[in-house]
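J.: build the 3D model from these lines:
(one chain, ligands or ions: 1)
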Amino acid sequence: MEKPTPETAALPVEPLWYKDAIIYQLHVRSFYDSNADGVGDFRGLVQKLDYIQELGATALWLLPFYPSPLRDDGYDIADYTNVNPAYGTLDDFKTFLTEAHRRKLRVITELVLNHTSDQHSWFREARRSQNDPRRHWYVWSDTDEEYRDARIIFTDTEMSNWAWDPVSKQYYWHRFFSHQPDLNYDNSEVREAVWEVMKFWLEMGVDGFRLDAVPYLVEREGTNCENLPETHAVLQFLRQRLDEHYPDRMFLAEANQWPSDVLAYFSNGDECHMAFHFPLMPRIFMAVKLEDRKPIVEIQEHTPAIPDACQWAIFLRNHDELTLEMVTDEERDYMYDAYTTDPAMRLNVGIRRRLAPLLDGDRKRIELMNGLLMSLPGTPIIYYGDEIGMGDNIFLGDRNGVRTPMQWTGGWTAGFSRSDPERLYSPPVSNELYNPKIVNVDSQSRSEHSLLAWTKRLIRTRKLSRVFSRGKMEFLSPANHRVLAYVRTLGNETVLVVNNLASCAQAVELDLRRFKGAIPTEMSGGSVFPRIGELPYLLTVGSYQFYWFRLRRL
Ligand code: BGC
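T.: The predicted structure follows:
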């Protein structure tokens, strides 16, 4: 392995940085192409770091950028300690890291622990023969009958979690695509090897890892092979090593599970620092469609408290389908009815669409959803392009329709590349509503009223107070169910959030007696509202409108 150089100096030690972060998720391949070959690269990304900083993000999460046959867009890693030549070199990565840190942007990379590509040298060696010393780095069996209680995740492609290896004449275990064999975490050599990979990037200065697909690390007969105690033990082993050597770095667990099961990934604060809140996301969409706060309130009430140093990661959309695994069958039917007008919009157990098209391009609903993202408990993650309302292309296959080139300008290549448009790794979105002429950074940068400008202001407002990132939340229960109101508190600071989930104006009476005497100040513009008294506090909220009020006692 190449020795990392020290010039990618880390940012000052700040152990809880992830709690106050605003994370911007992007794919190097899709962001900006510096050498006109039609594929985004690290040098291109460096040129766009100012944009991300100006947006107000404080951390980047990069999709996998390692050498890979790209049969799962890089989640099939063929070499953990290098950069895919299409995206640049290790030196380019180091320059990127230095430049990101210079702008006080932390960098979170992907660590796909559960499986490798079948092209990884580990697997190529393992399948050479049943006696190969590498054999037990993966999970093998003479039959495809074991672990039958484990569900299939990629239901549209895979029939079984076992695949036959004609070379060594046994079945190997895979939870995702059959070209992604699962590593065998019962083998201590594997655990050590994964720690070596982590060390490689940590030494270079990477600030955190998104731990892909963590519930599935270990298999046991008679279980569904998810969230097993042995899996938690692996994560705790890695965390212990991390804390010993790199105390301010972060683990973000991708565990698409119910909150009560995700809780175990925080353990006593000695496993993962963060975990995605998967079940919240579809319920935000549900609440807005139903014009009723119930789905959000219910899931939050079923979300247990987490250790002090831990934090939820919350999001509206990401690079995958909008997953409907963590909803009931009835709720799933509702979501499909409400949000897929064409069967091509469905994929596996979810919906492959971006935020703006899901909301019919309705600026008011886009703002409301972002308002929720920025005010509910957790660290918000913005998926690249959603800040300008980018569209999708459901006809591109798999999840590629939400991974199209970032739209910088109205040109043929969306300003993503100087190559001919035909050469791009993916065509830009070209439909009438979302093509680059209609939706691009350049034009939105010229207007104070664009979605981009609005999003910047929203982020700036969120950063006015740590109450959003660290405060407690308590729901109010006004009679009007179309209004979702909550109070965020941290120390002496209180913020009241009022969201109208309905398409028409609503009046709401809030019981704010315990804040009697306080004066609400609307945070985006500083307007002062009437002092809170004994009587119910009456507000009118326009269609899909929301308010954030600071409550000050004068
Ligand atoms: C990632 C997916 C990927 C899968 C297999 C995940 O959950 O988010 O994009 O296909 O893991 O690695």
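J.: test my guess that A485 contacts E509.
T.: No. Using CB atoms under 8 Å, A485 makes no contact with E509, being 10.4 Å away. Yep, even glycine has a C-beta here, placed from its N, CA and C like the rest.
J.: the more surrounded of the two?
T.: Higher neighbour count among A485 and E509: A485, with 25 against 14, using other CB atoms under 10 Å.
J.: find the closest residue to the ligand in the stretch 51-200 of the chain.
T.: Y75 (3.3 Å; CB to the nearest ligand atom).
J.: can I assume that residue is in contact with F154?
T.: No. Shown here, Y75 and F154 do not form a contact pair, counting by CB under 8 Å, at 11.2 Å.
J.: got any residues that touch both of these two?
T.: Contact with both Y75 and F154 is made by residues F176, according to CB atoms under 8 Å, 6 or more residues apart in numbering.
J.: quick check: the residue of the stretch 401-550 of the chain nearest the ligand.
T.: Closest approach between the stretch 401-550 of the chain and the ligand, counting by CB to the nearest ligand atom: R403, at 9.7 Å.
J.: that residue: neighbour count?
T.: Around R403 sit 23 other residues, with neighbours defined as other CB under 10 Å.
J.: now the nearest residue to it once chain neighbours are set aside: how far from L11?
T.: By the measure of CB to CB, 6 or more residues apart in numbering, the closest residue to R403 outside its immediate chain neighbours is S30, 5.5 Å from it. According to CB to CB, to the nearest Å, S30 and L11 sit 26 Å apart.
J.: who's more crowded, these two?
T.: Using other CB under 10 Å, the more surrounded residue of S30 and L11 is S30, with 24 against 16.
J.: now for the strand or helix carrying that one, which elements pack on it?
T.: Using DSSP states H and E, S30 falls within helix 28-31. Counting contacts by 3 or more CB pairs under 8 Å, 6 or more residues apart in numbering; DSSP states H and E, helix 28-31 packs against helix 42-47.
J.: pull out the buried residues from the helix it packs on.
T.: By 16 or more other CB atoms under 10 Å, the buried positions in helix 42-47 come out as F42, R43, G44, L45, V46.
J.: who in the chain is up against the ligand?
T.: D72, Y75, V112, F176, D212, A213, E254, H319, D320 (CB under 6 Å from any ligand atom).
J.: contacts only, for the nearest residue to the first one once chain neighbours are set aside.
T.: If I follow you right, that is D72. Excluding its sequence neighbours, the residue lying closest to D72 (CB to CB, 6+ apart) is F177, at 5.6 Å. By CB under 8 Å, 6+ apart, the contact list for F177 reads R71, D72, D76, F154, T157, E158.
J.: ditto for D308
T.: G269.
J.: so it: helix, strand or coil?
T.: Using DSSP: H, G, I helix; E, B strand; the rest coil, the structure places D308 in coil.
J.: nearest to the ligand among the buried residues of helix 42-47?
T.: When the buried residues of helix 42-47 are compared against the ligand (criterion: CB to the nearest ligand atom), the nearest one is L45, at 19.4 Å.
J.: pretty sure that closest one contacts R29?
T.: No. The pair L45 / R29 is not scored as a contact, 9.9 Å apart, by CB under 8 Å.
J.: now the terminal residues of stretch 115-125, how far apart.
T.: End-to-end span of stretch 115-125 (CA to CA, to the nearest Å): 15 Å.
J.: can you tell me what sits against that stretch?
T.: For stretch 115-125, contacts defined as CB under 8 Å, 6+ apart pick out 68-69, 71, 76-79, 127, 132-134, 137-138, 174-176, 179-183, 193, 213.
J.: recalculate using a threshold of 7 Å.
T.: Applying CB atoms under 7 Å, 6 or more residues apart in numbering, the contact partners of stretch 115-125 are 68-69, 76-79, 132, 134, 137-138, 174-176, 179-183.
J.: and stretch 183-201, by the same measure?
T.: 1, 4, 80-81, 109, 111, 113-116, 136-139, 209, 217-218, 234, 237-238, 241.
J.: got it, and stretch 142-157?
T.: Here stretch 142-157 has contacts from 158, 160-162, 170-171, 175-177, 219, 221-225, 347-349, using CB under 7 Å, 6+ apart.
J.: from the chain's centroid, how far away is it?
T.: Centre-to-centre, stretch 142-157 and its host chain are 26 Å apart (CA atoms, centre = their mean, to the nearest Å).
J.: just the strands in the stretch 101-250 of the chain please.
T.: For the stretch 101-250 of the chain, the strands defined by DSSP state E, counting those that start in this stretch occupy 106-112, 140-141, 162-165, 170-173, 208-212, 250-253.
J.: identify the residue spatially nearest to P64, adjacent ones excluded.
T.: G74 (3.5 Å).
J.: double-check that the one you found belongs to a helix.
T.: No. Counting by three-state DSSP, G74 falls outside a helix, being coil.
J.: and the pLDDT at it?
T.: Note for G74: predicted pLDDT of 98.
J.: burial count for it?
T.: Neighbours of G74 under the rule other CB under 10 Å: 24.
J.: kindly report the same for the one 3 residues further on.
T.: Residues near I77, counting by other CB under 10 Å, number 28.
J.: do the one 5 residues further on as well
T.: The criterion is other CB under 10 Å. On that basis, N82 has 17 neighbouring residues.
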